[in-house]
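can't give you the sequence, but here's the structure:
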């Protein structure tokens, strides 16, 4: 796989910190630059483009907040990670409000900073690639020239991936082979042609199967045709229009296993858009030739054909210009009704959880009646199309046994003829595009073709909107978690201050008063002994309160004795405090100490889980199991409480659950929650004993 790539600017007034971070991240494959004060930082930010900015808030000259405001006002696309100390917590909050991606508290572990930088870099790269795909869609839909579309596709590939050669080949139906249309990094006097009848060629295999084909090492694949001796890995993605392969987008690298699954997914999305654009351009050129041949006799027909293509391109541009999923779906329904000049259209999406289809958007007659309605897979003509993945044109539904007579027979609109095409993404049906008329026989194969042509950009727009929503939701969760961490820190400080003042402070005041009284009773031995006994009791209680306060913050036993004694004591104390029957058991660990970060993660996850039990579960019994299973450390927390709806809790963004899951995932582990009404809750945490490098 390719090493890390990206440019990082380190801004810190401590040269040693800059030197340490520069050396550490350079070894990870990043390009590093440093600045030691605010003036240097602003100068470099304005002069160069950086993916990541590691920013200390306290700097000579303009401080970190001023630098962040500068970036925010100029809409510079750099991800800013704040390097902060506890004393600058308020400034950190202000920095996050100004758009900082995340913050790391000094002193920090370099591995933790690696993880934060990697997430920020992945988000930066993902946003760049999404922007590239969005730009491609706009550029391609404005072009009706095959070569221009192909060059635009290769331009975007260069922006998305690192490669040594890339090309687009189209199928020549007359000769039965693949012919290179255009390429980058390929030096050939004549276009390369590969017969489709042969078993040789990775691109041929992709064209014949109609599925993306990724070969991590071509030297281990007998199908590879040695066109470029330096090639080691190859990705070939077919260009498919209406289930018909028209060509192949081929990318090669001199590195072994150069492309990731996300690269394959992005290229597949790009290929889907490119397929429609190339096919549109080819057909448009064909239509132009036909116009020239038919001249005036077919002028009107060709004019209509051109208008339809223009409409398709305009529609494609409109629906791919937004990343809001509901807006995308509404535009698809509205444009479909205009394009086909029908009476009603609907967009149905597949719900994998329920294995059914639901009406996500509708336009025209009866639209309000069908919105939100559901159909089982295979139910009605729409369900048949979704299940089979095949389009359906029904000129008279009264003669079709597949028809579902449900909610479409109400009101003043009754469907008589129907046209449905599947919405397919990466070989899977994600929904159905439907058009209806209340008169028989109005639909033709031309309508089928138009609706199918609209389906491809519709799928691209839907998938882009879904991906954008996932990215936005992830960012909102991270921001919410950051706010919660600040709140927790403030609450902890307030509680510690209150307990020190109310308990320890008062106890010390009483101790001081008793010492004063002891001085007055110096001549009375009995009074002195009595007073000393009182002082000893007061000191014991003060020490006990301080010990309890220290244990709540972080038990010393966790550092000195390990996770098992610390958890055993905490669970026992929790049970006595809340009147619960508790049981703690450790299996397969013996005297083994877990890595410090694993012990801390398990302790805090159990602590959060037990806090949730105390607040919500109404339980009477609680079990905690710590176990080693092969190469996994496992913790199970189980109660007999009232349970809760895990799906609803996840969607509501409960930060306690999100924080528990984040702790597990930061160590390469997983957290699973099972809960049912009246049947209690089980929390399962699994963390690998050896940290997997990602």
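Cool, got the structure. Computed from a predicted model, the values in this text were never measured in an experiment.

Tell me what the closest residue to residue 383 other than its chain neighbours is bridged to.
Counting by CB to CB, 6 or more residues apart in numbering, the nearest residue to residue 383 once its immediate chain neighbours are dropped is residue 375, at 5.0 Å. All C-beta atoms are positioned from the backbone trio N, CA, C, and that covers glycine. For residue 375, the beta-bridge partners under DSSP bridges are residue 357.

Do you know the pLDDT at residue 375?
Turning to residue 375, the model gives it a pLDDT of 88.

can I assume it is in contact with residue 382?
Yes. The pair residue 375 / residue 382 is scored as a contact, 5.9 Å apart, by CB atoms under 8 Å.

Looking at these two, which one has more neighbours?
Legend: neighbour count by other CB atoms under 10 Å for residue 375 and residue 382, higher for residue 382 (25 against 21).

coming back round to it: which neighbours do residue 375 and residue 382 share?
By CB atoms under 8 Å, 6 or more residues apart in numbering, residue 375 and residue 382 have these common neighbours: 348, 357, 404.

gap between residue 179 and residue 414?
Applying CB to CB, to the nearest Å, one obtains 51 Å for the distance of residue 179 from residue 414.

tell me, how many neighbours does residue 365 end up with?
With other CB under 10 Å as criterion, residue 365 counts 20.

Is it in contact with residue 437, as I believe?
No. Taking CB under 8 Å as the definition, residue 365 is not a contact partner of residue 437, at 9.7 Å.

tell me the secondary structure for the residue of the chain most remote from its centre?
What lies farthest from the middle of the chain is residue 523; by CA atoms, centre = their mean that is 77.7 Å. Recorded secondary structure, residue 523: coil (DSSP: H, G, I helix; E, B strand; the rest coil).

Please report how far it lies from residue 532.
15 Å.

residues in contact with the one helix or strand residue 575 maps to?
Element membership of residue 575 [criterion: DSSP states H and E] is helix 563-578. Contacting residues not belonging to helix 563-578 are listed as 555, 557-558, 580-582, 584, 586, 589, 593-594, 598-599, 602-603, 606-607, 610, 614, 622, 624, 626 [CB under 8 Å, 6+ apart].

Swap in 7 Å and give it another go.
Applying CB atoms under 7 Å, 6 or more residues apart in numbering, the set of residues contacting helix 563-578 from outside is 555, 557-558, 581-582, 584, 586, 589, 594, 599, 602-603, 606, 610, 614, 622, 624, 626.

what do you get for stretch 662-679?
Contacts for stretch 662-679 (CB under 7 Å, 6+ apart): 115, 481, 597-598, 601, 604-605, 642-644, 646, 660-661, 681-688, 691-692.

Can you select the buried ones among the residues you listed for me in ChimeraX?
Entered in ChimeraX, the line below selects the buried ones among the contacts of stretch 662-679, by 16 or more other CB atoms under 10 Å:
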select :481,597,598,601,605,642,643,644,646,660,661,681,682,683,684,685,686,687
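
Inside helices: which ones of the contacts of stretch 662-679?
With helices taken from DSSP state H, the overlap with the contacts of stretch 662-679 comprises 115, 481, 597-598, 601, 604-605, 646, 660-661.

ok, what's across the strand from residue 178?
According to DSSP bridges, the partner residues bridging residue 178 are residue 171, residue 194.

need the contact list for it.
So residue 178 contacts 169, 171, 193-194, 196, 203-204, 207, 248 (CB under 7 Å, 6+ apart).

Where does the record place the domain boundaries for this protein?
According to automatic domain parsing, the chain comprises the domains 7-108, 133-285, 313-467, 558-688.

Nearest to residue 120, out of those?
Between residue 120 and the domains of the chain, the tightest spacing by CB to CB is seen for domain 7-108, at 4.2 Å.

just how off-centre is the closest one within its chain?
25 Å (CA atoms, centre = their mean, to the nearest Å).

Let's see the distance spanning that domain from one end to the other.
21 Å (CA to CA, to the nearest Å).

Likewise for stretch 612-622?
Across stretch 612-622, first to last residue, CA to CA, it's 12 Å.

pLDDT (mean, whole number) over it?
86.

Mind listing what's buried along it?
612-613, 617, 619, 622.

How about residues contacting that stretch?
With CB under 7 Å, 6+ apart, stretch 612-622 has contacts from 575, 578, 580-582, 639-642, 644, 656, 680-681.

at 10 Å what do you get?
571, 574-575, 577-584, 609-610, 637-644, 649, 654, 656-657, 660, 675, 680-681, 683 (CB atoms under 10 Å, 6 or more residues apart in numbering).

rewinding a little: any common contacting residues for residue 365 and residue 437?
In contact with both residue 365 and residue 437: 342-344, 413, 415, using CB under 10 Å, 6+ apart.

Give me the ChimeraX select line for the residues you listed, limited to the buried ones.
Selection of the buried residues among the shared contacts of residue 365 and residue 437 in ChimeraX, burial being defined by 16+ other CB under 10 Å:
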select :342,343,344,413,415
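
quick check, nearest of the shared contacts of residue 365 and residue 437 to residue 397?
When the shared contacts of residue 365 and residue 437 are compared against residue 397 (criterion: CB to CB), the nearest one is residue 415, at 6.2 Å.

What does that closest one show for phi and psi?
phi -70, psi 130 (degrees, to the nearest 10).

That one against residue 442, yeah?
No. Residue 415 is not in contact with residue 442 according to CB atoms under 10 Å; the separation is 11.5 Å.

and for those two, which residues touch both?
By CB under 10 Å, 6+ apart, the residues touching both residue 415 and residue 442 are 343, 436.

Distance from the chain centre to stretch 604-624, please.
30 Å.

what distance separates the start and the end of that stretch?
For stretch 604-624, the end-to-end distance is 13 Å (CA to CA).

cool, and stretch 607-625?
Stretch 607-625 has an end-to-end distance of 14 Å (CA to CA).

So what's the gap between it and the chain middle?
31 Å.

where exactly do the strands run in the stretch 51-200 of the chain?
If you assign secondary structure with DSSP state E, counting those that start in this stretch, the strands in the stretch 51-200 of the chain sit at 52-56, 79-84, 102-105, 165-172, 177-184, 193-195.

which one of the ones you listed lies closest to residue 326?
That would be strand 79-84 among the strands of the stretch 51-200 of the chain, by CB to CB, at 28.4 Å.

now the angle between strand 52-56 and the closest one, please.
20 degrees (axes from the mean of the first three to the mean of the last three CA atoms, to 10 degrees).

Partner strands of strand 79-84, with direction?
Applying DSSP bridges, one finds strand 79-84 paired with strand 52-56 (parallel), strand 102-105 (parallel).

I'd like the ones you listed as TSV, with mean neighbour count appended.
Formatted as TSV, the strands paired with strand 79-84 follow (neighbours: other CB atoms under 10 Å):
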stretch	mean neighbour count
strand 52-56	26
strand 102-105	20
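
Pick out the shakiest of those strands, pLDDT-wise.
When the strands paired with strand 79-84 are compared on mean pLDDT, strand 102-105 scores lowest, with a mean of 82.

How much space separates residue 601 from residue 666?
Going from residue 601 to residue 666 by CB to CB gives 7 Å.

Residue 187 now?
In terms of CB to CB, residue 187 sits 47 Å off from residue 666.

out of these two, which sits in the more crowded spot?
Shown here are residue 187 and residue 666; by other CB under 10 Å, residue 666 has more neighbours (15 against 7).

So what does the more buried one look like in phi/psi?
phi -60, psi -20.

about what we covered before: lowest-confidence member of the contacts of residue 178, which is it?
Out of the contacts of residue 178, that is residue 193, at 83.

who touches that one in this structure?
169, 172, 175, 177-180.

Now render the domains of the chain as TSV, adding distance to residue 119.
Listed next are these as TSV, based on distance: least, CB to CB, whole Å:
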stretch	distance to residue 119
domain 7-108	8
domain 133-285	14
domain 313-467	17
domain 558-688	10
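
If you count neighbours, what's buried in stretch 164-184?
Those buried within stretch 164-184 under the rule 16+ other CB under 10 Å are 164-171, 177-178, 180-184.
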